[in-house]
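> sequence and predicted structure are below.
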There are 2 protein chains.
Amino acid sequence: MPHRLVTVEPRRAFREPGVARDEVMFVRSGLLSKFKTDGAGRRQIVALRFPGDGILPREGEADYGIQAIVRSEVLVGRAEDFDPIVEQNPEMAKFFWKLTQRHNSIGYEWLVNCGRRDSVARVAHLLCETAERSGADVLADGLANPFTQQQIADITGQTSVNVNRVFADLERQGLIRREGKHIFFEDWNELRRVGSFQPGYLQ
Amino acid sequence: MPHRLVTVEPRRAFREPGVARDEVMFVRSGLLSKFKTDGAGRRQIVALRFPGDGILPREGEADYGIQAIVRSEVLVGRAEDFDPIVEQNPEMAKFFWKLTQRHNSIGYEWLVNCGRRDSVARVAHLLCETAERSGADVLADGLANPFTQQQIADITGQTSVNVNRVFADLERQGLIRREGKHIFFEDWNELRRVGSFQPGYLQ
DNA sequence: CAAGTATAATAACATGGATAAAGTTTTGGG
DNA sequence: CCCAAAACTTTATCCATGTTATTATACTTG
């Protein structure tokens, strides 16, 4: 399938919401976010795309924008090239179907996170999920936290001020330890408990 | 495709979360909800299924439960019968693909709703979305509100006490009028504005 | 029809996070 | 290497929403 490799820098939106798009994207390295804004312009990050994840085409204009969390390499192809491949290849179709279902499950869990958990639990849950999805051996090496506190706020539906408080809290409780942007999990089990993180939804 | 017609009563869970399922369902009439619970047992409704919507099978156990909002007629088939039909029929595949994308978009919008809007806006937004999805001529006839206030709380991530306050508020502001469970939209445009409801995401 | 249960409405009180403002540290582009 | 911009941190204040409780009303079901 014809495609080009694009390096996406964080800090500027890579794709704006509300613009017609007919692209397929695959994350090769880095981390992308999908975001929307409410009427008053406040941003909500609605999904993350790790390496191996794709951003599949939509008919009409996409209602979300795309922004890199860290510098990312993205393979970009055209929907018209992608669609027939999936149509003619049942294994492909199945693969993307499962991927979409996985993203769906994560979306449901995020809704529970925003709707029903307090701020500490939300951040704890996000840290656990990110640790799992990043594929690193977090117990040994910790997590190279890719997010700014504002981004964590945009994911968990809070303000950056409160995220800062929550981090201080988690550290004071001895659940995490921070060295710069690196996070070590001092008490993984307790962090999971606090965030009521049950990784089953990641399948 | 072989299937059976099931009448689902509200008030009891139709399917519990965390149980293996290999069913496809199609809503013929009524209204279903998908729900999850956080660690502390607090419920979050993560999706609604109106007539014409389907609930497609997942591999492994479903992490969500299903409960009817109102008495519903549901066609239930088996995943093993459904899958080959979709695989062999590109138009079918395309139809379900689009349906899934629509549900996805709605999920993103719900996340914005829970994460970034205040309680009045959340309820206003839900009312607008429900009015649109129900397909009724809401300007003329209003909406036969299918939800309890507790269910609205479970959708919008609040408590039922606060939902009650919000309804009183919307009524006092002259945006809606209630007669029993029926809601008349006295100022649809203002309600849309308050909920920052942009129906584009419904496609 | 009676009894039990869910829903709705309202009140009083508690509190988690928002908001605002300002200072400090880190980052990255030129 | 330096400077400007971004990110982080902290404090003070306040209000929107949670919590808990009570009562009235309307369903459901035996």
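Okay, I see it. These numbers were taken from a predicted model, which means no experiment stands behind them.
> please make it C-alpha for all contacts and neighbour counts, starting now.
Will do.
> neighbours of the residue lying closest to residue A:81 once chain neighbours are set aside, how many?
Nearest non-adjacent residue to residue A:81, counting by CA to CA, 6 or more residues apart in numbering or on different chains: residue A:1, 6.6 Å away. As a burial measure, residue A:1 scores 8 neighbours (other CA atoms under 10 Å in any protein chain shown).
> contact partners for residue A:1?
A:77, A:81-82 (CA atoms under 8 Å, 6 or more residues apart in numbering or on different chains).
> weed out the non-buried ones from the residues you listed.
Buried subset of the contacts of residue A:1 (neighbour count, 16 or more other CA atoms under 10 Å in any protein chain shown): A:77, A:82.
> can you tell me which of the contacts of residue A:1 is closest to chain B?
Checking the contacts of residue A:1 against chain B by CA to the nearest CA gives residue A:82 as the nearest, at 13.3 Å.
> contact residues of chain A facing chain B?
A:36-39, A:42-44, A:46, A:58, A:63, A:87, A:90, A:101, A:104-105, A:107-117, A:154-158, A:196-197, A:200-201 (CA under 8 Å from any CA of the partner chain).
> out of those, who's near DNA strand C?
Applying CA under 7 Å from any atom of the strand to these, one finds that A:117, A:157-158 fall near DNA strand C.
> coming back round to it: roughly how far does the residue nearest to residue A:81 sit from residue A:25?
For residue A:1, the distance to residue A:25 equals 12 Å [CA to CA, to the nearest Å].
> check the contact lists of the two and give me the overlap.
residue A:77.
> what residues are up against residue A:99?
Counted by CA under 8 Å, 6+ apart, residue A:99 has contacts residue A:53.
> how far away is the residue in chain A sticking out farthest from the centre from DNA strand C?
Distance from the C-alpha centroid of chain A, by CA atoms, centre = their mean, peaks at residue A:88 (29.9 Å). According to CA to the nearest atom of the strand, to the nearest Å, residue A:88 and DNA strand C sit 42 Å apart.
> any idea which of the ones next to DNA strand C among the residues of chain A next to chain B is closest to DNA strand D?
Nearest to DNA strand D, judged by CA to the nearest atom of the strand, of these is residue A:117 at 9.3 Å.
> which residue sits closest to the closest one, ignoring its sequence neighbours?
Among residues not flanking residue A:117 along the chain, residue B:38 sits closest, at 7.3 Å (CA to CA, 6+ apart).
> what are the phi and psi values for the one you found?
Here is the backbone geometry of residue B:38 (degrees, to the nearest 10): phi -80, psi -180.
> ok so, going back, show me the residues of chain A next to chain B that map onto strands.
A:36-37, A:43-44, A:46 (DSSP state E).
> most neighbours of all these, which one?
residue A:44 (29 neighbours).
> next one: the closest residue to that one other than its chain neighbours from residue B:153, what distance?
Of all residues not flanking residue A:44 in the chain, residue A:154 sits nearest, at 4.8 Å (CA to CA, 6+ apart). According to CA to CA, residue A:154 and residue B:153 sit 22 Å apart.
> same deal with residue A:117?
For residue A:117, the distance to residue B:153 - CA to CA - is 14 Å.
> which residues do the two both contact?
Counting by CA under 8 Å, 6+ apart, residue A:117 and residue B:153 have no common neighbour.
> what about the residue nearest the centre of chain A, helix or strand, and which?
For chain A, the residue nearest the mean C-alpha position is residue A:48 (1.9 Å; CA atoms, centre = their mean). Secondary structure assigned from DSSP states H and E places residue A:48 in strand A:43-49.
> residue A:145: what's it in contact with?
A:181-183.
> where is the longest helix in chain A?
Taking DSSP state H as the criterion, chain A has its longest helix at helix A:90-116.
> what's the first helix or strand after that helix?
Helix A:90-116 is succeeded, C-terminally, by helix A:119-134 (DSSP H and E).
> lovely, talk soon.
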